[in-house]
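Peer 1: here's my sequence, what's the structure:
(chains A and B)
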Amino acid sequence: MLSETILEMKDISKSFPGVKALDSVDFKLRKGEIHALMGENGAGKSTLIKVITGVYEKDAGIITLQGEPIHFKAPEDAQKKGIGTVYQEIMLCPNLTVAENMFIGRSHSSFVNWKQMNEKAVQLLESLSIPASPVQELSSCSIAVQQMIAIARAVDMDCKILILDEPTSSLDEDEVQKLFVLMRELKERGVGIIFITHFLEQVYEISDRITVLRNGKLVGEYETSALSQFNLISKMLGNELEDITKIKKHEPVVSDTTVPVFESKDLSSSAGVRPFNFNIQKGEVNGFAGLLGSGRSESVRAIFAADKVTGGEVRIKGKQVKIKTPLHAIKHGIGYLPEDRKDDGIIDDLSVRDNIILTLQVMKGFFKPFSMKQAEAFADEYIEKLNIKTPNSNTPIKSLSGGNQQKVILARWLLTHPEYLILDEPTRGIDVGTKVEIQKLVLKLASEGMSLTFISSEIEEMLRTCSRLIVMKDREIIAELKGTELTENDVMNVIAQGGKTTCAHR
Amino acid sequence: MRTSIKNFSYLFLPLSVLALLIIINLIKGADYFSITMVNGALYGNIPNIFFGAAELVILSIGMTLVTAASRGQDISIGESATITSAIFVLFVLQAGEVTLFTILVGFLFSCIAGLALGAFNGVLVSVFKVQPMVASLILFTGGRSIAFMIDGKLSPILANDISNKIGTVIPGVPIQTPIILTVLFIVFFAVLLKTTNLKLYVETVGINPNAARLNGINPKKIIFLTFLIMGFCTAVAGFIAVNKAGRHDSVNLLKLIMMDAILAVAIGGNSLGGGKFSITGSIIGAYTIEMLNRTLLRLEIEPAMIKVFKAIFIIILMVIASPVVRLKIRKVVDKVRSGKTAVNQSKGSTPLSTANIARKKEE
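Peer 2: Here you go, the predicted model:
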C-alpha cells in the first residue's frame, strides 16, 4: 500500500463564541487508508470535518490537498476538489429513483438523458456491487442500501477523500458488513476514507489508523493494530476510564411474595408485537435483548401505550389498571425515554428548561402552570444533577450535543419521579463519557428503589446493568436470562438457537 | 435580564417596521401624531389606527394560535365573522326592542355560532387530518352565501343607539369603544396565557406532535382547541365590525381580512410552519399593517395603486426577515463578538468555557 499523503492539516484552530472547538490540531490522511476519527462528543470531530468540507472557515492553520494549499469557502468548493461526505442521516429524496438520487443536481444541462443516466447508474452500482436497480424508488431500498447509494453519489465524482460521519448508527450487523465491503472496495481504489463512529468494534474491524481528539486538542495518531481497545478508550476519555470498570450491578431483593411494580399479561399492540407476559420488581433493572426489528422497542412501546394497545391486561403493584394512552401510563408512574431522540424525544425549538419541565407540567395539569421561577429551579437542579452541558436553561435544546440532549430527556422523566422508567436505547449515538454516566445513573436509581428497563444495542451495556435479560426474536419473547456470569456469547447463542424460524434477518 | 433581551430580538422585526413607518410619517409632517378632543372623545391618526385595526388584532391572535399548533392557516375567518355577525343581527332585529340585554344575548349566540364554526374546521384538521387551508376553504367558499341566507337576502341595518355606541364612542368616554373592546380582549388573552399552559402545549404540538403525545399531550385536542379559540375570535371581530358599520353587508364585511391576519402573524416574527409563537408580535404586526394602509393613503398614492405599494413594502419586509438575511446579520454579530471574547481570553487565566458557564450561573 502506498503511503502517499492526500490531505494534510496543520495547526488547525477554530473558535466559536465562548468555545475553542479546535486548538492547533494536526491531521493527516493517506491514500487508500481508512482513518478513524475518534473522540467524545464535543471533542471536535464534527468541527474538524466541517473545516475540511468547507462548512466552517478555519481561524488558523494550513490545509494541503495533495501538496497544494487549499482554502474552501463553501461546501461546493470541497466537492469540486473531490471530497465527498455522507452523513448519519441520509440526505437523499426517498420519493425519487435510485438513479435520480445519484445524479440529481449533477448535470449542467437543463435536460436529462434518462437512458444515459440509468446506464451510468447501472455501471456505478455494479462496480460497487450495490444491490439496487436504478429505476426503483429509493424508499423501497433498505436503510443500508440507501446509505450505500449516498456513498455512490459521493464517490461518483473524481473522489479522493470520502468522509463517513456515523454511517452505521442505524444499520444492523449484516448491513454494516455490506457497508464495510463497499468501504474496502473504495480503499483498494485509493480513496482515503475518514470514518467516524461510536462503535469501537467497527473501528478495529475496518480502520488502518486512528486519530484521537479530546476537548478540541489532538491526543495522537495511532496504527490501529498497535493500539488496544482499552488504551483507545482511555485516550478518548482521559481519566474517566476507571469509572466504566467500576460499574457494579445492583441485585434487587425478590421473594416469592413480592408484588411486581408492573405486570402485563398477553399484552399486544398495533405495532405487531405478539401478546407477551412481562413483569418487573421494585429496584430491578431488566433489559430486552434482540436484534434490530426483533420487537424489543415495540414491546416497551406497548407497555407505555405509545402504540395502540390491542389486547391484554396490565397490573400496577397488583392492581389491574387500564393504560390506553401515554398520559395514563405517565399518571401510573411509568416513564419512557424513546428510541428516536430526534423524532419522539426533544422539542427542538423549545428551551432546555421547557423540555425538562414538560412532562411534570402535563401531569400537573393544563390550568396549573409552574411559575417561571419554579420552572427555572427545576431545570437548574437537573442541569447540575446530570451535569448537562448548556450555557443556561434558556438555550434551545437543539443547540446541545446529542449526549446532552439525551440527558435533558432523562431529566424530564426523572423530574416526574416515576416508579418504573423505560429507557429505550438511551446510549445510542452519544459519546462514551455520557454512556458511562447514564449506566451509572441507571444503577444508582435502581438502588434508590426505582424499577428500570434498559435497552441497548450494545449487549455489553445491558450485561453490565441488568440483572435479568428478556431475549426477543421475531417479535416474541424466546428466553429469559439471569445470573451474574452471563456473557455476550451466551446471549448471542440464545438468539441464534432460539425461535422457530432460522435467521431472523431481513 | 437575558430573557427580556431575547424577547426583544423576537420583536425586532415588527418593531423596526413600526419605527420605519413612524419615521416616514414624521417626515411627511409632525402634525400626524397630534391628537385632538372632539365632543369629549380623542380623535387623530393614532386613535384612528387603534380604532381601525380592532378586528384585525383580534383575528391575528386567533390566527397565531392556529398557525402555531396546526402548522397551517385558517382562511375562512372573514367568512366565519360574517356568519356570526349575521346571527347577531338576526337575533337583535327579531327581538324587537333593542336593549343592552338583547345585544348581549345576541352576542352570546354569535359566540356559540363562532365556536361551532371553529369546531367544524377543527374537527376536519385534527381528526380527519385535512390541511388547515383546505379545510377552511370550505367555509371560505360557502360562508358568505350562508350569511346572505341568514340575512334573508337583504343587507339589514342596525340602526339603534346601543350599536352606535359599541361601534363608535360612548358619550363621556374619551376612547372609542372598539379600542376598549380590543384592549379587554388582549387582557383576556394575556390572563389566559398566564394562567394556563396553552403556550407550552401549543408550541410543543406545533414543533413535535409525536413527542407531545408521548409526554401526555393529546395533539388532536390542542389543535381542536386552537380552532375553537379562533372561532371565538371571529365572533368578537364580527360583532365589532357589524356595529362599526351599522349594517350587515354579507358581501363586503371583513372581506379578505385573512390575508392581513396571516401577514400580521408573519410580521410578528412567527413561523407560518408552526411551533414557537409570539402573540405580542402578531398584535404589533396587526397595528403595523393598519398603519401601513393609512400611511399609503396619506402619501396621497392613487387608491388604485395603493395595493401595489403595499405589495412592494411587504416584499422588502419579507426579504429583511428572511432566514438568509438573518443569518448574514448573525454572522456579522458573531464576528464582532468573537473579536471581543478573544480579548477577554487573553486577559483571564481560567479556561474561557468554564469561566463563561460559571459567570452565566452567577447571573
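
Peer 1: please count neighbours and contacts with C-alpha atoms only from this point.
Peer 2: Noted.

Peer 1: check contacts around A:K398.
Peer 2: Applying Cα atoms under 8 Å, 6 or more residues apart in numbering or on different chains to A:K398 gives the contacts A:346, A:348-349, A:405.

Peer 1: give me the number of residues near residue 123?
Peer 2: Going with chain A. Each residue near A:Q123 was counted by other Cα atoms under 10 Å in any protein chain shown, and the total is 13.

Peer 1: meant chain B actually
Peer 2: As a burial measure, B:V123 scores 21 neighbours (other Cα under 10 Å).

Peer 1: tell me the domain ranges of chain A?
Peer 2: A:5-240, A:259-333+A:462-506 (automatic domain parsing).

Peer 1: nearest to chain B, of those domains?
Peer 2: Minimum separation from chain B across those (Cα to the nearest Cα) falls at domain A:259-333+A:462-506, 4.0 Å.

Peer 1: is the closest one in proximity to chain B?
Peer 2: Yes - against chain B, domain A:259-333+A:462-506 shows contacts by Cα under 8 Å from any Cα of the partner chain at A:306, A:325-328, A:330.

Peer 1: convert stretch B:205-220 to CSV, retaining C-alpha atoms only.
Peer 2: Taking Å, rounded to 0.1, in the frame of the first residue of the first chain, the C-alpha atoms of stretch B:205-220 are listed here in CSV:
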residue,chain,number,x,y,z
VAL,B,205,-47.6,20.2,19.5
GLY,B,206,-46.6,22.6,16.7
ILE,B,207,-42.9,21.6,17.0
ASN,B,208,-43.1,17.9,17.5
PRO,B,209,-46.6,16.2,17.8
ASN,B,210,-45.0,12.8,18.3
ALA,B,211,-43.1,13.8,21.3
ALA,B,212,-46.1,15.8,22.6
ARG,B,213,-48.2,12.6,22.5
LEU,B,214,-45.5,10.6,24.3
ASN,B,215,-45.4,13.2,27.0
GLY,B,216,-49.1,13.0,27.6
ILE,B,217,-50.4,15.9,25.5
ASN,B,218,-53.1,15.0,23.0
PRO,B,219,-52.2,16.9,19.8
LYS,B,220,-55.7,16.5,18.4
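
Peer 1: how far out from the middle of the chain is that stretch?
Peer 2: Remark: stretch B:205-220 is offset 25 Å from the chain centroid, using Cα atoms, centre = their mean, to the nearest Å.

Peer 1: can you give the contact residues for that stretch?
Peer 2: A:306, A:325-328, A:330, A:336, A:343-349, A:358-359, A:362-363, B:68-71, B:126-127, B:201, B:204, B:222, B:274-276.

Peer 1: now do that stretch, average pLDDT.
Peer 2: What stretch B:205-220 shows for mean pLDDT is 96.

Peer 1: try stretch A:44-62
Peer 2: 87.

Peer 1: circling back to that earlier point, out of the contacts of stretch B:205-220, which are buried?
Peer 2: Among these, the ones that count as buried by 16 or more other Cα atoms under 10 Å in any protein chain shown are A:306, A:325-328, A:330, A:336, A:344-349, A:358-359, A:362-363, B:68-71, B:126, B:201, B:204, B:222, B:274-276.

Peer 1: so which of the residues you listed belong to helices?
Peer 2: Among the buried ones among the contacts of stretch B:205-220, the ones falling in helices (DSSP state H) are A:326-328, A:330, A:358-359, A:362-363, B:68-70, B:126, B:201, B:204, B:222.

Peer 1: and A:S294, helix, strand or coil?
Peer 2: At A:S294 the chain is in coil, as set by DSSP: H, G, I helix; E, B strand; the rest coil.

Peer 1: quick one, what contacts it?
Peer 2: A:S294 makes contact with A:472-476, A:504 under the criterion Cα under 8 Å, 6+ apart.

Peer 1: which of the residues you listed sit farthest apart?
Peer 2: A:E476 and A:A504 (11.6 Å; Cα to Cα).

Peer 1: for the spatially most central residue of chain A, phi and psi?
Peer 2: Taking Cα atoms, centre = their mean, the centroid of chain A lies closest to A:G429, which sits 2.4 Å from it. A:G429 has phi and psi values of phi 70, psi 20 when expressed as degrees, to the nearest 10.

Peer 1: wait, doesn't it sit right on A:G402?
Peer 2: Yes - counting by Cα atoms under 8 Å, A:G429 touches A:G402, with 7.1 Å between them.

Peer 1: what parts of the stretch 151-300 of chain B come near chain A?
Peer 2: B:194-198, B:200, B:203-204, B:207-208, B:210-211, B:213-217, B:275-276.

Peer 1: list buried residues within the residues you listed.
Peer 2: The buried subset of these (16+ other Cα under 10 Å) comprises B:194, B:196-198, B:200, B:203-204, B:207-208, B:210-211, B:213-217, B:275-276.

Peer 1: and the helix or strand harbouring B:L93, C-alpha only, in CSV?
Peer 2: According to DSSP states H and E, B:L93 maps onto helix B:77-94. As requested, the backbone C-alpha atoms of helix B:77-94 are provided in CSV (Å, rounded to 0.1, in the frame of the first residue of the first chain):
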residue,chain,number,x,y,z
ILE,B,77,-62.1,33.9,9.3
GLY,B,78,-63.7,36.7,7.4
GLU,B,79,-66.5,34.5,6.3
SER,B,80,-66.9,33.0,9.8
ALA,B,81,-67.1,36.5,11.2
THR,B,82,-69.8,37.4,8.6
ILE,B,83,-71.9,34.4,9.6
THR,B,84,-71.6,35.0,13.3
SER,B,85,-72.4,38.7,12.9
ALA,B,86,-75.4,37.8,10.7
ILE,B,87,-76.7,35.6,13.5
PHE,B,88,-76.1,38.5,15.9
VAL,B,89,-78.0,40.9,13.7
LEU,B,90,-80.8,38.4,13.1
PHE,B,91,-81.3,38.0,16.8
VAL,B,92,-81.2,41.7,17.7
LEU,B,93,-83.6,42.6,14.9
GLN,B,94,-86.1,39.9,15.7
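
Peer 1: good, we can wrap up now.
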